[in-house]
Structures are given as structure tokens and as C-alpha cells.
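>>> Provided below for reference: sequence and predicted model.
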Amino acid sequence: MTDKRTPLDFDAIRAAAVGNYVSTIFPAAGISFTKPAHQHQSCPMCGGSNRFRCDDKRGEGTWICSQCGAGNGFMLVQQYTGFDVYDTNKLIAGAIGLDVTSTVTDEQRAQWQSQQVEREAVEKAEKRQARIDAASRAQSIWDNSKPAADDHPYLLRKNVSAIGLSQDANDNLIIPMYYHNADKQQITLVNVQTIAPDSEKLFLKGGLVSGAYFTIGSPAMFIAGVILICEGYATGATVFDAMSYSLPVIVAFNANNLIPVAQSIRAQYPNHRIIICADDDSATAVKMRDKDIADGKEPKPLVEYNAGIHKAQQAAISINGEIVTPSFDILDIDKDAA
């Protein structure tokens with residue numbers, strides 16, 4: 001049977017839809033979110049609570065549900081409406097103004113987009129307040145803690161000493177996290193990392209992490225013109241010891257934070273030699289790649305599974321720095337990345 005419906009340029013519609021799913025297309029399809037799209041919430045398809053989120057990667061409306069699976073915005077619209085491919089494309093075309101026969105009005109589009117802007121503004125304000133509250137809690141925790149003891153169970157396991165750390169009443173190590181505000185030229189305490197005796201590591205909920213760091217060493221050490229950056233505290237303390245306590249070591253807390261921290265340090269010290277000390281996660285990388293192969297997925301280059309090396313390389317490139325991979329027995333036994 002010949003489909004006599006008006007031909008549609010599916011490729012053009014898909015291309016034009018990018019960046020418009022959350023603000024316009026989903027509302028046009030009747031899909032609404034009770035929270036900002038990227039937060040966990042009820043699934044519009046199965047109705048399950050707190051199991052769905054729309055991360056909207058590349059503006060394609062990508063989503064994940066622990067019950068329904070995952071997909072892109074087109075798939076969500078199609079599954080939610082039950083439409084075939086043609087009608088799904090027609091709905092999307094109408095939502096973004098490519099179908100003149102659509103009943104969707106400019107006023108509706110403007111209203112949906114306005115609501116999206118309002119939701120984003122509310123989320124931004126809430127996030128800012130959460131960071132302010134976390135910074136206040138961090139200061140209180142730091143002020144009410146005592147200098148950390150070298151015989152803390154975590155430090156003993158890592159064979160490192162407490163350098164600039166404190167300890168709370170529950171024997172959690174407290175590592176202060178500082179952020180450099182380039183506009184105000186200020187360095188402020190924004191968060192803390194706690195490390196429990198059993199090695200559990202936590203940041204304060206809502207607190208700033210990206211770009212925040214801890215410095216091992218004194219300000220006078222920066223005069224040497226060389227700065228080392230690593231992931232976790234134990235790695236940093238081990239490197240500091242290996243350098244005979246002569247060079248400052250910046251702790252970024254995790255691999256994903258290496259780039260923003262490295263860029264912050266470069267902005268503060270434009271002429272210094274900056275060396276990223278990478279954690280080699282090769283054993284984990286091999287396991288992750290093998291799992292993808294076993295699951296029938298196309299494996300990525302091995303280095304992309306090795307977050308410690310991969311992120312360190314990216315950080316070094318972003319600041320015209322250097323990268324080394326320190327080898328210590330302690331790191332082979334127990335990874336320190338947060």
C-alpha cells in the first residue's frame with residue numbers, strides 16, 4: 001500500500017530538532033517534567049518514580065530510565081505518543097515551526113520556551129544557594145575540627161602523614177577545598193572532603209567541586225617555579241614526600257577535576273612549569289573494555305577507559321603542561337582517586 005501522506009524531509013527535521021527537545025518538542029508532545037530535565041524524576045512513559053532523567057546530550061533529548069531503557073528525544077516522543085515514524089517527524093516539525101499545517105502556535109512555542117528559561121533560572125538560583133550553604137558548612141566543620149593525627153587508619157593504610165589536614169569528632173579526616181575566583185582574585189573555602197576511617201570519601205552535598213583544590217606545601221615553595229597536580233590526597237602526599245617536601249602539590253580530588261584545577265593553577269601561575277601526576281588505571285581500563293566487548297559493544301581505544309591517564313593527558317594539553325605517571329607500591333594496592 002502506497003503512503004499518500006505529504007512527503008517530509010526526515011533528515012532536515014531531525015537536524016532542526018537538535019537543541020529544541022526539552023524547551024519545545026517535549027511540551028508539544030505532552031511530555032512534561034516535574035523537575036529540571038536532568039534530575040531524576042518520574043518517567044513519562046512507565047510512570048515509575050525517581051527512575052528517569054533527560055541528560056539531553058548534544059541537544060538530542062537523550063534520556064535514561066531504569067525500567068524503559070535509554071534513547072534520544074525522537075525515540076521518547078515516538079514511544080510516548082505511540083506514533084509511527086512519519087507522524088513523529090510531523091509532530092516535531094510542527095513544534096519547531098517547519099510544518100505550516102501544524103496547529104501549534106507561535107504563542108505556545110514562546111510560552112514553552114519562557115517556561116524553560118524560568119525553570120533554568122530557578123535551578124541556577126537553587127544551585128547557587130546550595131553552594132553558599134555548603135561553603136558555610138565547610139567553614140564551620142573546619143573551624144570545629146582539630147589537627148589530624150598521623151595514626152588515622154586511612155593515613156596508616158596509605159603510609160602517608162597528615163599535612164594540613166584536620167579531624168572531626170567522628171574521626172573523619174577533613175581536607176579543605178579552595179576555589180580561586182579569577183574575577184575577584186580571591187581564594188575561598190568552598191567545600192571539604194571527608195575521609196572516614198574505613199576510607200569512605202564524601203563531599204558536602206551541593207558544594208562546589210569543579211575547580212576546587214587543596215595545596216600540600218607552603219606558599220614559599222611556589223618560588224621554585226614548578227607545580228605538581230594529582231588526583232587524591234594520598235597520591236599527593238606520596239609525591240610530596242618523594243620530592244623531599246620541596247615542591248608544592250595540588251590535589252584535584254578526582255580525575256574529572258584535573259582539567260578545571262589545572263586551568264585554574266595555570267591562570268594563577270602563567271609562567272610556571274606544571275606537571276600532572278597521573279593515576280594509571282590500566283587494570284580497571286582493561287576490565288571495562290573487556291566488559292564492553294562481552295556485552296557486544298564496540299570497544300573504545302583503551303586509553304579512554306583509563307580515566308587517570310586520559311584526563312591527565314587532556315589537562316596537560318589544555319595548559320601546555322607536562323604529564324608523568326608516578327609508580328609507587330601504595331598506588332598499586334589501593335587507588336586514591338575520590
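Perfect, I can see it now. As the structure is a prediction and not an experimental result, all values here were calculated from the model.
>>> give me the low-pLDDT residue ranges for the stretch 101-250 of the chain?
Low-confidence segments of the stretch 101-250 of the chain, defined by pLDDT under 70: none present.
>>> Run through the residues that contact residue 119.
Residue 119 sits next to residue 36 when contact means C-beta atoms under 8 Å, 6 or more residues apart in numbering. Where C-beta positions appear, they are placed from N, C-alpha and C, glycine not excepted.
>>> Buried residues of the helix or strand where it lies, list them for me.
Under the criterion DSSP states H and E, the helix or strand holding residue 119 is helix 106-143. Counting neighbours by 16 or more other C-beta atoms under 10 Å, one finds that the buried residues in helix 106-143 are 109, 112, 116, 119, 131, 134, 135, 137, 138, 141.
>>> how about the closest residue to residue 304 other than its chain neighbours, secondary structure?
If you skip the residues right next to it in sequence, residue 304 has residue 310 as its closest partner in space, 5.7 Å away by C-beta to C-beta, 6 or more residues apart in numbering. Of the three states, residue 310 takes helix according to DSSP: H, G, I helix; E, B strand; the rest coil.
>>> What number of residues are in the vicinity of residue 310?
In terms of burial, residue 310 registers 20 neighbours under the definition other C-beta atoms under 10 Å.
>>> Residue 77 is in contact with residue 85, correct?
No - counting by C-beta atoms under 8 Å, residue 85 sits too far from residue 77 to count as a contact (10.8 Å).
>>> Domain map for the protein?
The domain map for the chain lists 10-104, 147-333, with the assignment taken from automatic domain parsing.
>>> Would you map the strands across the stretch 151-300 of the chain?
With DSSP state E, counting those that start in this stretch applied, the stretch 151-300 of the chain shows strands at 166-167, 173-181, 186-195, 201-203, 214-216, 226-230, 249-251, 273-277, listed in chain order.
>>> Not counting the shortest one itself, show me its contacts.
Just to be clear, that refers to strand 166-167. 142, 145, 146, 147, 148, 149, 152, 173, 174, 176.
>>> Mind doing that once more with 7 Å?
142, 145, 146, 147, 148, 149, 152, 173, 174 (C-beta atoms under 7 Å, 6 or more residues apart in numbering).
>>> That one pairs with which strands?
Looking at strand 166-167 with DSSP bridges, its paired strands and their directions are strand 146-147 (antiparallel), strand 173-181 (antiparallel).
>>> The last one too?
Taking DSSP bridges as the criterion, strand 273-277 forms sheet pairs with strand 226-230 (parallel), strand 322-324 (parallel).
>>> ditto for the longest one
For strand 186-195, the pairing partners within the sheet under DSSP bridges are strand 173-181 (antiparallel), strand 201-203 (antiparallel).
>>> buried stuff in that strand?
Using 16+ other C-beta under 10 Å as the test for burial, strand 186-195 gives 189, 190, 191, 192, 193, 194, 195.
>>> Just the angle for it relative to helix 106-143, thanks.
For the pair strand 186-195 and helix 106-143, the angle between their directions (axes from the mean of the first three to the mean of the last three C-alpha atoms, to 10 degrees) equals 80 degrees.
>>> CA-only coordinates of strand 186-195, as PDB, when you get a sec.
Below are the C-alpha coordinates for strand 186-195, written out as PDB (Å, rounded to 0.1, in the frame of the first residue of the first chain):
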ATOM      1  CA  GLN A 186      40.200  35.600  45.800                       C
ATOM      2  CA  ILE A 187      40.800  32.100  47.100                       C
ATOM      3  CA  THR A 188      38.000  30.900  49.300                       C
ATOM      4  CA  LEU A 189      37.000  27.700  51.200                       C
ATOM      5  CA  VAL A 190      34.000  26.300  49.300                       C
ATOM      6  CA  ASN A 191      33.800  22.600  50.400                       C
ATOM      7  CA  VAL A 192      35.500  19.900  52.300                       C
ATOM      8  CA  GLN A 193      36.200  16.200  51.500                       C
ATOM      9  CA  THR A 194      35.800  13.900  54.500                       C
ATOM     10  CA  ILE A 195      37.600  10.600  54.600                       C
END
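>>> Figure out how far stretch 299-313 is from the centre of its chain.
Relative to the mean C-alpha coordinate of its chain, stretch 299-313 is positioned 16 Å out (C-alpha atoms, centre = their mean, to the nearest Å).
>>> List the buried residues for it?
305, 306, 307, 308, 309, 310, 311, 312, 313.
>>> Tell me how many other residues crowd residue 6.
Taking other C-beta under 10 Å as the neighbour definition, residue 6 ends up with a count of 9.
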